[in-house]
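> Quick one: sequence and predicted model below, then my questions.
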Amino acid sequence: MTILDKLADHSRERVAAAKERLSADEIKSLAQSLPKGSFEFEAAIKNNHDIAFICECKKASPSKGIIAENFPYLQIAKDYEAAGADCISVLTEPKWFLGSDEYLREIAESVAIPCIRKDFTVDEYMIYEAKLLGAKAVLLICSILTTQQVKDYIDVCDSLGLSALVEAHDEAEVKSAVECGARLIGVNNRNLKDFSVDTGNSRRMRELVPPGILFVSESGVKSAGDIELLREAGADAVLIGETLMRAENKTIKLAQLRGIA
């Protein structure tokens, strides 16, 4: 069993426990009672005239363990916003990433830029949760979902006005994401089955994504040089986690990555 399999299984356990507290019908009703979103996450990327930056609040990961012993997540999010981030990614997976739904709820209430719930979505229940937590987008990972599930979950997102970032790693998954009608495709440079990283993966996969679909490069980006290569390849956005989380001054680091410092 890969780490990804374990993450997906644990998500199913979390959903089962959550349904004991609040039924699927109840959470759906609550989410649908909120004002419909206007797909702010994808709009923030589309409206950027250069490459957009999705900056991540992440305390730990399965491959690196604790990344940030000191984790003032609200201040980190506010620093990202002040430094010109377009969106914020918030880890809510509690076991391996030490994330929390409360981190997302508080960050979404405290910043004006849109947040994505970064988690391992295995049930539409988690999409309704994301809406209630204040997220403007959710992550759908092709390698743990069938093509039909991704289609169905995009439909749920659309009904709530949430963006769906459909994540792929290889050629087959990119083709599946396109087939699903994804408007926003993220190519992960990290292989979630063994956590190896190849930053060239996004550049290779870029040509498989048709014009009109927003393209996000995820993971392993460490320098302005990496950003420039992705810019040249036609990436619309980059999601950066560990590089920013390990930086002592995140404002300066983000400026360096953006090529303005």
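Cool, the structure landed.
> Please make it C-alpha for all contacts and neighbour counts, starting now.
Will do.
> any low-confidence regions in the stretch 151-261 of the chain?
192, 261 (pLDDT under 70).
> Do a quick rundown of the strands in it.
Assigned by DSSP state E, counting those that start in this stretch, the stretch 151-261 of the chain shows strands spanning 163-168, 184-188, 214-218, 237-240.
> just the stretch 1-150 of the chain next, same as before
With DSSP E, counting those that start in this stretch as the criterion, the stretch 1-150 of the chain has strands spanning 52-57, 60-61, 65-66, 87-91, 115-118, 137-141.
> Tabulate those (CSV), appending distance to Asp79 and mean pLDDT.
Shown next, in CSV, are the strands of the stretch 1-150 of the chain (distance: least, CA to CA, whole Å; pLDDT from 0 to 100):
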stretch, distance to Asp79, mean pLDDT
strand 52-57, 10, 97
strand 60-61, 19, 92
strand 65-66, 21, 92
strand 87-91, 11, 98
strand 115-118, 14, 98
strand 137-141, 21, 98
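> Dump the strands of the stretch 151-261 of the chain to a markdown table, plus distance to Gln148 and mean neighbour count.
What follows is these, written out as a markdown table (distance: least, CA to CA, whole Å; neighbours: other CA atoms under 10 Å):
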| stretch | distance to Gln148 | mean neighbour count |
| --- | --- | --- |
| strand 163-168 | 13 | 26 |
| strand 184-188 | 16 | 26 |
| strand 214-218 | 21 | 25 |
| strand 237-240 | 26 | 23 |
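> Save the ones you listed as JSON lines, and put in distance to Ala31 too.
Putting the strands of the stretch 151-261 of the chain into JSON lines (distance: least, CA to CA, whole Å) gives the following:
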{"stretch": "strand 163-168", "distance to Ala31": "15"}
{"stretch": "strand 184-188", "distance to Ala31": "22"}
{"stretch": "strand 214-218", "distance to Ala31": "26"}
{"stretch": "strand 237-240", "distance to Ala31": "27"}
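> so can I have a markdown table of the strands of the stretch 1-150 of the chain showing mean neighbour count and distance to Leu22?
A markdown table is the format used below for those (neighbours: other CA atoms under 10 Å; distance: least, CA to CA, whole Å):
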| stretch | mean neighbour count | distance to Leu22 |
| --- | --- | --- |
| strand 52-57 | 26 | 27 |
| strand 60-61 | 20 | 28 |
| strand 65-66 | 14 | 31 |
| strand 87-91 | 28 | 22 |
| strand 115-118 | 27 | 19 |
| strand 137-141 | 25 | 20 |
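> Next, format those as CSV and append distance to Ile240.
Compiled in CSV, those are given as follows (distance: least, CA to CA, whole Å):
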stretch, distance to Ile240
strand 52-57, 5
strand 60-61, 13
strand 65-66, 17
strand 87-91, 9
strand 115-118, 12
strand 137-141, 15
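> Burial check on Pro211, number of neighbours?
Around Pro211 there are 9 other residues, counting by other CA atoms under 10 Å.
> With Ala182 as the reference, measure out to it.
12 Å (CA to CA, to the nearest Å).
> still on that earlier bit, so which of the strands of the stretch 1-150 of the chain comes closest to Leu239?
strand 52-57 (4.6 Å; CA to CA).
> Neighbouring strands - and their directions - for that closest one?
When pairing is defined by DSSP bridges, strand 52-57 lines up against strand 87-91 (parallel), strand 237-240 (parallel).
> What is the distance between the first one and the centre of its chain?
Yep, that's strand 87-91 we're talking about. Relative to its parent chain, strand 87-91 has a centroid offset of 6 Å by CA atoms, centre = their mean, to the nearest Å.
> What segments of the stretch 101-250 of the chain are helices?
101-110, 124-133, 147-160, 171-179, 201-206, 224-233, 242-245, 250-258 (DSSP state H, counting those that start in this stretch).
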